[in-house]
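Chemist: Give me a model of this one.
(one chain, ligands or ions: 1)
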Amino acid sequence: MNPNQNPDLKDAALIAAVSAKATAARLLLQKIALDFSPATLANSLGAEDMVLTDLIMKDKLGIEIFSLDTGRLPVETYDLMQRLTRHYGLFLKMYNPRNELVEEFVRTHGINGFYQSVDLRKACCHARKVEPLRRALTGKKAWVTGLRAEQGETRSGLPQRHFDEANGLEKFNPLADWTEQEVWAYIHLHEVPFNRLHDKGYPSIGCAPCTRAIEPGEPLRAGRWWWESADTKECGLHSIPVVVTA
Ligand code: SF4
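Modeler: The predicted structure is shown next:
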């Protein structure tokens, strides 16, 4: 079990940090709902997105919440979608891939052709994630994600807000400076529903054939596309701006 998943809720410093960061995230979400409408939260059903969903639902903010149903998601992720409906009365807005793109990929490369090369993996991610994401973001002024800077080398230096050139809108990462322990402290303190895969050693939630549990001490995103090197571990959904430090 990942020790960060069960932080000490009697740790006063941790609770104070979570409370301060949750207040900051809440204020930022309120500002997004007010100044960047229509805005949307991309919910991948991982722990961070559950924190953001909880903040949005409790404050009844006018921020849409959507998910990409790639057609290859684990059963635990679909279960969580149903629990969100029971817990918050929330029906996620779902975006599915276009049939013709998936059919073409499978016909040409096979149902699991994404294991053959980085290019084919990215082609599958494009058909099942990137193209549906473009549709989800069409007409929006901003999107919100649960990305955190400490999630891996492809995300270090992640800002809380930047302009997403690829999709042409503002992008907000309200949890950019949160630690994994703070995310879990929030979840337990507020009894937020979470993906059962986390109890099985998955820190990061994605498609079933491309995500595995990690061993203690492995980087947080080691279980995503584990057969690739660390610098390719993004699916095309997120372009992280380079932060230049003096
Ligand atoms: S994560 Fe794997 S199955 Fe999912 S879209 Fe990308 S390559 Fe395809």
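
Chemist: show me where pLDDT drops low in the protein?
Modeler: In the prediction, the chain carries residues with pLDDT under 70 at positions 152-155, 231-236, 238-246.

Chemist: pull the longest strand from it.
Modeler: Secondary structure of the chain per DSSP state E: the longest strand is strand 63-68.

Chemist: got the contact list for residue 173?
Modeler: Shown in contact with residue 173 (Cβ atoms under 8 Å, 6 or more residues apart in numbering): 144, 145, 146, 147, 148, 158, 159, 160, 161. In this view, the C-beta of every residue, glycine as well, is placed from N, C-alpha and C.

Chemist: neighbour-wise, which of those residues leads?
Modeler: residue 144 (29 neighbours; other Cβ atoms under 10 Å).

Chemist: Secondary structure class of the closest residue to that one other than its chain neighbours, three-state.
Modeler: In this structure, residue 144 finds its nearest non-sequential neighbour in residue 41, 4.4 Å apart by Cβ to Cβ, 6 or more residues apart in numbering. What DSSP: H, G, I helix; E, B strand; the rest coil gives for residue 41 is strand.

Chemist: thinking residue 41 is in contact with residue 142, fair?
Modeler: No - the pair residue 41 / residue 142 is not scored as a contact, 9.9 Å apart, by Cβ atoms under 8 Å.

Chemist: quick one on the thing from earlier: and the residue nearest to residue 144, how far from the ligand?
Modeler: Computed as Cβ to the nearest ligand atom, to the nearest Å, the residue 41 to the ligand distance reads 20 Å.

Chemist: ditto for residue 27
Modeler: From residue 27 over to the ligand the distance is 33 Å, taken as Cβ to the nearest ligand atom.

Chemist: Thanks again, I'm all set now.
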